[in-house]
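> the amino acid sequence is not available; the structure is as follows:
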């Protein structure tokens, strides 16, 4: 169960990390005055359905 919920949030976490990193770099290079992602929180995501095919050895 924990693996399924972790898989559902990977795309959201990836976007979150890239966005924070991009704005941190923009602040460092003085393109923006402050980082607007400081107050961002991750949204609650629903659990994705996954389908698996059983592996059979004959």
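Ah, there it is. The model shown is predicted, which means the values in this text are computed figures rather than measured ones.
> what residues are up against the residue nearest the centre of the chain?
For the chain, the residue whose C-alpha lies nearest the mean C-alpha position (CA atoms, centre = their mean) is residue 13; its distance is 1.1 Å. By CB atoms under 8 Å, 6 or more residues apart in numbering, the contact set of residue 13 is residue 42. Every C-beta, even on glycine, is put in place using the N, C-alpha and C of the backbone.
> what stretches of this structure score poorly on pLDDT?
Low-confidence segments of the chain (pLDDT under 70): 1-10, 58.
> which residue ranges form the helices in it?
With helices called from DSSP state H, the chain shows them at 2-28.
> any idea how far residue 16 lies from residue 28?
Residue 16 is 19 Å from residue 28, where distance means CB to CB, to the nearest Å.
> who has more neighbours, the two?
Higher neighbour count among residue 16 and residue 28: residue 16, with 16 against 10, using other CB atoms under 10 Å.
> pretty sure that one contacts residue 43?
No - assessed by CB atoms under 8 Å, residue 16 is found out of contact with residue 43, at 9.5 Å.
> residues touching stretch 32-42, excluding its own?
For stretch 32-42, with CB under 8 Å, 6+ apart as the criterion, the contacting residues are 9, 12-13, 16, 19-20, 23-24, 26-27.
> okay, these in TSV with distance to residue 35 next?
Output for the contacts of stretch 32-42, formatted as TSV (distance: CB to CB, whole Å):
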residue	distance to residue 35
9	22
12	19
13	18
16	13
19	10
20	8
23	5
24	6
26	8
27	5
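> which of these lies closest to residue 50?
residue 9 (13.5 Å; CB to CB).
> look up how far residue 34 lies from the residue nearest to the centre of the chain.
Separation of residue 13 from residue 34 (CB to CB) stands at 23 Å.
> residue 23 now?
9 Å.
> residues near residue 40, how many?
12.
> same check on residue 36?
Neighbour count for residue 36, taken as other CB under 10 Å: 13.
> what's the distance between it and residue 42?
Residue 36 is 15 Å from residue 42, by CB to CB.
> likewise for residue 28?
Distance from residue 28 to residue 42, by CB to CB: 23 Å.
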